[in-house]
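Novice: below are the sequence and a predicted model; questions follow.
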Amino acid sequence: MARSLAGLSHADAQRLRQKSGVDADPKATIFGLAGKRTLTAGGLGLGGEKAASAISDFVVVDMFANFCTGREDAKGAIKIAERQLQRIYR
């Protein structure tokens, strides 16, 4: 069952969970919960070209990397990411 669910979007997994009883297989439970616990690429906002650009530019990944490598403190890493996102979402 888990193998057949692996390629579904989170919305599809949510509907399938309601209809098929995915919870019966403990290995597949995580796929059924994906629809409840995940967000689209846009987070709480709308997905689209700008959200895809933010993901492909690794804005969040770079923010964490800047902090974890010691290149920036937490506030500095957040400021850099915020500036990048403001450029993307103009």
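Specialist: Looks like it came in fine. Numbering: from 1, shown residues only.

Novice: quick one: the strands in this structure?
Specialist: Ranges of strands in the chain, per DSSP state E: none exist.

Novice: and stretch 57-74, what's buried?
Specialist: V59, D62, M63, N66, F67, E72 (16 or more other Cβ atoms under 10 Å). C-beta: built from backbone N, CA, C; applies to glycine.

Novice: which outside residues touch that stretch?
Specialist: Stretch 57-74 is contacted by residues A54, G76, A77, I78, I80, A81, Q84, L85, I88 when judged by Cβ atoms under 8 Å, 6 or more residues apart in numbering.

Novice: selecting buried members of those in PyMOL, what would you type?
Specialist: Restricted to buried positions by 16+ other Cβ under 10 Å, the PyMOL selection for those reads:
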select buried, resi 54+77+80+81+84+85
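
Novice: re earlier: which of the buried residues of stretch 57-74 sits closest to L46?
Specialist: V59 (17.0 Å; Cβ to Cβ).

Novice: scan the helices and strands of this structure for the one with the lowest mean pLDDT.
Specialist: Lowest by mean pLDDT, DSSP states H and E among the helices and strands of the chain is helix 2-5, with a mean of 49.

Novice: okay, now the domains of the chain?
Specialist: 2-37, 49-88 (automatic domain parsing).

Novice: lowest mean pLDDT across the ones you listed, which one is that?
Specialist: Across those, domain 2-37 has the smallest mean pLDDT, namely a mean of 63.

Novice: quick one, longest helix in this protein?
Specialist: When the chain is parsed with DSSP state H, its longest helix is helix 74-88.

Novice: how long is stretch 30-47 end to end?
Specialist: 23 Å (Cα to Cα, to the nearest Å).

Novice: any idea how far T29 is from K79?
Specialist: For K79, the distance to T29 (Cβ to Cβ, to the nearest Å) stands at 40 Å.

Novice: same thing with G47?
Specialist: Remark: distance between G47 and T29 (Cβ to Cβ) = 26 Å.

Novice: what of T69?
Specialist: Distance, T69 to T29, by Cβ to Cβ: 36 Å.
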